[in-house]
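**Q** fold the following.
(one chain, ligands or ions: 1)
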Amino acid sequence: MSFDLSVFSNKNIILAVTGGIAAYKSAILVRRLKDCGFNVRVVMTQGAQAFITPLTFQALSGNPVHTELLDTEAEAGMGHIELARWADLVLVAPASCDSIAKFACGLADDLLSTLYLATKAPVWIAPAMNQQMWAAKATQRNLSSLVEDGVHVIMPEAGSQACGDVGLGRMPEPEDLAEQVREYFHKAQRAIAEKFGLLAGKKVTITAGPTREAIDPVRYISNHSTGKMGFAIAAACYSAGAEVTLIAGPVSLDTPNGVKRLNVSSARQMLDLSMNQLETGCDVFIATAAVADYRVAEVAEHKIKKAGDELAVSLVKNPDIVATIALQDKRPFMVGFAAETRNVEEYAAGKLVAKKLDMIACNDVSRVDIGFASDENAMTVFFAEQYEMEKRDLEKASKQEIAQQLVEAIHDALHQEKRPV
Ligand code: C5P
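**A** Numbering: from 1, shown residues only. Prediction:
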């Protein structure tokens, strides 16, 4: 099972627009919902069409707009029952007094009120109206009924209104509404992943990116690692239900959704934080970081000044993070990476044994089409000999797809019966 938490291309939203000046904000709301990856279909009441045209919503949503209940053409396309079934969420924004009253009474005399009764999907309403109409006893009574019926009410905001009044009744900004919808689906998907995902309940630590080893206060030794592979693996592990900590060297990448990120600079900082993870609990340790093999023996306190034609800097070996963790008493399942330019499989198999890893993923970085800065990768995965598992070739694919396949490989190894305790 795979879960993509960053986009919601399999989620369908009906945005119902009713008559009110805030309808202009709904046009932007369609855009923001589409930005999150949702499929959006717009239903408009007659009142809404006095404020904004169906054509605007058709162009923005990329779908025909639904306005009629008893229209043979509309019913031949997607009728009201089909529409009601299609929705994963019905968002009424803006929701007028009239639509709220209809929902509360169970009327079914137009497309939206009928859809409201016919759908099993959650219904959210974002009331927007004049502050006096909002405060009216009938409106508040109807809203209470809707809340009792399980409708989620997004409270209007206070401020100056189009009619000149000041008070409660403004529809929240489209960005806020879209964020609330995204958050809702995100939480729902997360709950499923935590229960059924391949790494449900597992604590995973991932090192990623390069390390920087200071020479003096302004210079350092580092490498070209971008951290993309490690970040993609962090996202895939989170999507598979794991609790993920990403220990990242200096990279310019956004933290994947739901992932706890700890920034470090040097190899020794990366090791310290990795060791801390063992204290707080770690089931799987994935070392994707391109750790600098050496650091400067003595970091200069001040900027080194130009002098002479040569400068000798003495280097000392950095600790091997993955090998150090693998030697600990309560060692997690250890996954290493090997980036090689020749004899790829032979060197990787050697590292698997030397670093006491459970699994190693290796790739050929001499190929310009994969590896370091590329968005794609191809790998071969080897398992330690106590795992009776075949080596696996992960064919060239996006780093996201490779990450997903690695999650599957880790899951399979964790569930192998012969796994040593
Ligand atoms: O020895 P080499 O650097 O090729 O090994 C690569 C693997 O070891 C990677 O998983 C890398 O993250 C890890 N490593 C480490 N600490 C080091 C060097 C490498 O954790 N100092």
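
**Q** which parts of the stretch 201-350 of the chain sit against the ligand?
**A** 207, 267, 287-289, 291, 318, 320-322, 336-338 (Cβ under 6 Å from any ligand atom). For every residue, glycine as well, the C-beta is placed using N, CA and C.

**Q** count the neighbours of the spatially closest residue to Q49 that is not a sequence neighbour for me.
**A** Leaving aside its sequence neighbours, Q49 sits nearest to T67 (Cβ to Cβ, 6 or more residues apart in numbering; 6.8 Å). Residues lying near T67 (other Cβ atoms under 10 Å) number 20.

**Q** cool, and the one 3 residues further on?
**A** A count of neighbours around L70, defined by other Cβ under 10 Å, yields 10.

**Q** coming back round to it: by neighbours, which of the residues of the stretch 201-350 of the chain next to the ligand wins?
**A** Within those, most neighbours by other Cβ under 10 Å means T207, with 31 neighbours.

**Q** ok, now how distant is that one from A108?
**A** Remark: distance between T207 and A108 (Cβ to Cβ, to the nearest Å) = 58 Å.

**Q** I125 - how many residues pack around it?
**A** The number of residues near I125, taken as other Cβ under 10 Å, comes to 25.

**Q** return the residues in contact with it.
**A** Contact analysis of I125 by Cβ atoms under 8 Å, 6 or more residues apart in numbering lists 91-93, 95, 99-100, 103, 146, 151-154.

**Q** contacting residues around the nearest residue to it once chain neighbours are set aside?
**A** Leaving out its chain neighbours, the residue that sits closest to I125 by Cβ to Cβ, 6+ apart is A95, at 3.9 Å. Shown in contact with A95 (Cβ under 8 Å, 6+ apart): 16, 18, 125-128.

**Q** now, among the residues you listed, which is nearest to Y238?
**A** In terms of Cβ to Cβ, no member of the contacts of A95 lies closer to Y238 than A126, at 30.0 Å.

**Q** would you agree the closest one falls within a strand?
**A** Yes - according to DSSP: H, G, I helix; E, B strand; the rest coil, A126 belongs to a strand.

**Q** that one against S96, yeah?
**A** No - with contact defined as Cβ atoms under 8 Å, A126 does not count as touching S96 (10.7 Å).

**Q** ok, the residue lying closest to D320 once chain neighbours are set aside to the ligand distance?
**A** Nearest residue to D320, sequence neighbours excluded (Cβ to Cβ, 6+ apart): K355, at 6.8 Å. K355 is 6 Å from the ligand, where distance means Cβ to the nearest ligand atom, to the nearest Å.

**Q** and K355, what pLDDT?
**A** Listed pLDDT for K355 reads 97.

**Q** quick one, what contacts it?
**A** With contacts defined as Cβ under 8 Å, 6+ apart, K355 is in contact with 320, 322-323, 326, 334, 336.

**Q** ok, and what's touching the worst-scoring helix or strand of the chain on mean pLDDT?
**A** Least confident helix or strand of the chain, by mean pLDDT, DSSP states H and E, is helix 72-78 with a mean of 75. Identification of contacts with helix 72-78 by Cβ under 8 Å, 6+ apart yields 41, 64, 66-68, 86.
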